[in-house]
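**Q** Sharing a model that was predicted from the sequence below.
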Amino acid sequence: MPKRVSIVVFRECDPSIIYGVFDTLWAAGKFFKNPPGEALFEPRIVAAEHGPLELIAGVSIIPQDSIDDIEQTDIVFVPNPVVLTPEELHSIDRRIIDWVAKMHEQGALICSACGGSLVLAAAGLLTGRETTTHWSHVPVFRQEFPDILLHEDRILVQTGDGHNIISCGGASSWQDLALLLIARYGSGEEAIRISRFFLYQWHRDGQLPYASMAVNVVHADALVLKCQAWLAENYEHPDVVAEVSLISGLPKRTFDRRFKAATGYSALAYVQALRIEEAKQMLETGSAPIDAIGREVGYEDASSFSRLFRRLTGIPPGDYRRRFRIPDYVRSSSQHERHGDGVLKGSEAG
């Protein structure tokens, strides 16, 4: 019998993960297969109640079941609720949170994608355990659930008895989780077949290459905000941490404690992240040599720059450029659009 998968939806969910997971699991084992196979999963979209539900993106979804219809299920999949503040997290429909906890008690495998791990944490399923989430949810997660071990760099984290709770990180990492489920309940060969059919790729390097530093940390310390604004314009200075400490007018230790309390970063870590964010942008958009980019953001020693870049992003600068630089055909398309020539020649499109 196919495994019953309940994909729960909130008003705060964006539709892409909901439908992506549904399509992938629906296809597993049977779709475009010769000879035809048996379905591995029976996915169903579940909401707190029946009737159309308007999602945060403005589109409506019609759930197939309500939580009251389902006494038991094999797998619960919690997609991404778009919540960026504690207040938004607390406004999520508690009925679904409690239902997810109930299904866990009855033995269901619980999965979450992206910010869905916030729901699992709110349901009490991650207490004393570890998880991951989309890097943009990290500030809210750490504020609301400081006792949960959060691996913000990881794509997949399995925890609980028998690994019965699985979380995945950034938006498209639901693909990794869906393929994991297919391998677990079908076979590795079927997971590979589905990945080829849908053109999915495993995110083997984790989330770090995709993450941006949350430099605009919300706080009310006017002095630290002033120092942050100065750092944004002068981060490439060789003794920038000592400079900003002097600008603050505070003793060094007092400044260090106050900066860390307001931003969550030490001053040095904040400067390093600013520099690497700028280097990432230069690698994405330009063709300057890597050592020149390192000097531009404040590192005379190319090896020191490369080591720091790899530590903060998970991959070397050259690999980052190959992965994230705007493709030539996109660049050519943009140039043609500006010049009124909208047709790409074959060599430019390739």
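**A** Now that the structure is in, tell me what you want to look at.

**Q** Enumerate residues external to whichever strand or helix holds D176 that contact any of its residues.
**A** Using DSSP states H and E, D176 sits within helix 174-185. Residues from elsewhere that reach helix 174-185, judged by Cβ atoms under 8 Å, 6 or more residues apart in numbering: 3, 17, 20-21, 24-25, 28-29, 40-41, 75, 79, 111, 113-114, 155-156, 166, 168, 190-191, 194-195, 198, 200-203. (Glycine included, C-beta is placed from N, CA and C.)

**Q** Out of those, list just those in helices.
**A** I17, G20, V21, T24, L25, E190, A191, I194, S195, F198 (DSSP state H).

**Q** how close does the nearest residue to the second one once chain neighbours are set aside get to V244?
**A** Right, the one you point to is G20. Of all residues not flanking G20 in the chain, W174 sits nearest, at 6.1 Å (Cβ to Cβ, 6 or more residues apart in numbering). According to Cβ to Cβ, to the nearest Å, W174 stands 40 Å off from V244.

**Q** Please identify which of those two sits among more neighbours.
**A** Comparing W174 with V244 by other Cβ atoms under 10 Å, the one with more neighbours is W174, at 26 against 23.

**Q** Please report the distance of that one from R323.
**A** Distance, W174 to R323, by Cβ to Cβ: 20 Å.

**Q** and if you look at Q72?
**A** Counting by Cβ to Cβ, the separation of Q72 from R323 is 43 Å.

**Q** hmm, back to that, buried ones among the contacts of helix 174-185?
**A** When the contacts of helix 174-185 are checked for burial by 16 or more other Cβ atoms under 10 Å, the buried set is 3, 17, 20-21, 24-25, 28-29, 40-41, 75, 79, 111, 113-114, 155-156, 166, 168, 190-191, 194-195, 198, 200, 203.

**Q** Quick one, grab the pLDDT at Q335.
**A** Predicted confidence (pLDDT) for Q335: 47.

**Q** Longest helix in this structure, please.
**A** Longest helix in the chain, counting by DSSP H: helix 267-285.

**Q** tell me which residues of it are tucked away?
**A** Going by neighbour count (16+ other Cβ under 10 Å), the buried part of helix 267-285 is 267, 269-280, 282-283.

**Q** Give me the next element, helix or strand, following it.
**A** Per DSSP H and E, the first helix or strand lying C-terminal to helix 267-285 is helix 290-296.

**Q** Now tell me what touches that next one from outside.
**A** 236, 278-279, 282-283, 286, 288, 300-302, 304-306, 317-318, 321.

**Q** Those, buried ones only, as a PyMOL selection?
**A** The following PyMOL line selects those of the contacts of helix 290-296 that are buried, judged by 16+ other Cβ under 10 Å:
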select buried, resi 278+279+282+283+302+305+306+317+321
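
**Q** Using pLDDT, spot the least trustworthy of the contacts of helix 290-296.
**A** Lowest pLDDT within the contacts of helix 290-296 is found at G286 (81).

**Q** Contact partners for that one?
**A** Counted by Cβ under 8 Å, 6+ apart, G286 has contacts I293.

**Q** How many residues are close by H90?
**A** Residue neighbour count, defined by other Cβ under 10 Å, stands at 11 for H90.

**Q** Mind pulling up the pLDDT for it?
**A** 94.

**Q** rewinding a little: report all helices and strands that the longest helix of the chain contacts.
**A** Other elements packing on helix 267-285 under the criterion 3 or more Cβ pairs under 8 Å, 6 or more residues apart in numbering; DSSP states H and E are helix 222-234, helix 240-248, helix 252-263, helix 290-296, helix 302-313, helix 317-324.

**Q** what ranges of the stretch 51-200 of the chain fall below the confidence cut-off?
**A** Within the stretch 51-200 of the chain, the stretches with pLDDT under 70 are 171.

**Q** give me that answer again for 90
**A** By pLDDT under 90, the low-scoring segments of the stretch 51-200 of the chain are 82-84, 114, 128, 134-139, 142, 150-163, 168-177, 179-180, 183-200.

**Q** How much space separates the residue nearest to the spatial centre of the chain from G314?
**A** By Cα atoms, centre = their mean, the chain has its centre lying nearest to G170, at 2.0 Å. Distance of G170 to G314, computed by Cβ to Cβ: 12 Å.

**Q** Would you map out the domains in this protein?
**A** Annotated domains of the chain cover 3-210, 222-324 [automatic domain parsing].

**Q** Which of those domains has the highest mean neighbour count?
**A** domain 3-210 (a mean of 19; mean count of other Cβ atoms under 10 Å).

**Q** How far does that domain sit from its chain's centre?
**A** 13 Å (Cα atoms, centre = their mean, to the nearest Å).

**Q** Then stretch 279-286?
**A** On Cα atoms, centre = their mean, the centre of stretch 279-286 falls 21 Å from that of its chain.

**Q** Stretch 266-273 now?
**A** Distance, centroid of stretch 266-273 to centroid of chain: 22 Å (Cα atoms, centre = their mean).

**Q** Can you tell me what sits against that stretch?
**A** Outside of stretch 266-273, the residues within contact range by Cβ under 8 Å, 6+ apart are 213, 215, 228, 231, 235, 240-241, 244-245, 255-256, 259-260, 263, 265, 308, 312.

**Q** then that stretch to CSV, C-alphas only?
**A** Listed next in CSV are the C-alpha coordinates belonging to stretch 266-273 (Å, rounded to 0.1, in the frame of the first residue of the first chain):
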residue,chain,number,x,y,z
SER,A,266,31.3,40.0,17.5
ALA,A,267,32.6,43.1,15.7
LEU,A,268,35.3,41.0,14.0
ALA,A,269,32.8,38.4,12.8
TYR,A,270,30.5,41.2,11.6
VAL,A,271,33.3,42.8,9.5
GLN,A,272,34.3,39.4,8.1
ALA,A,273,30.8,38.7,7.0
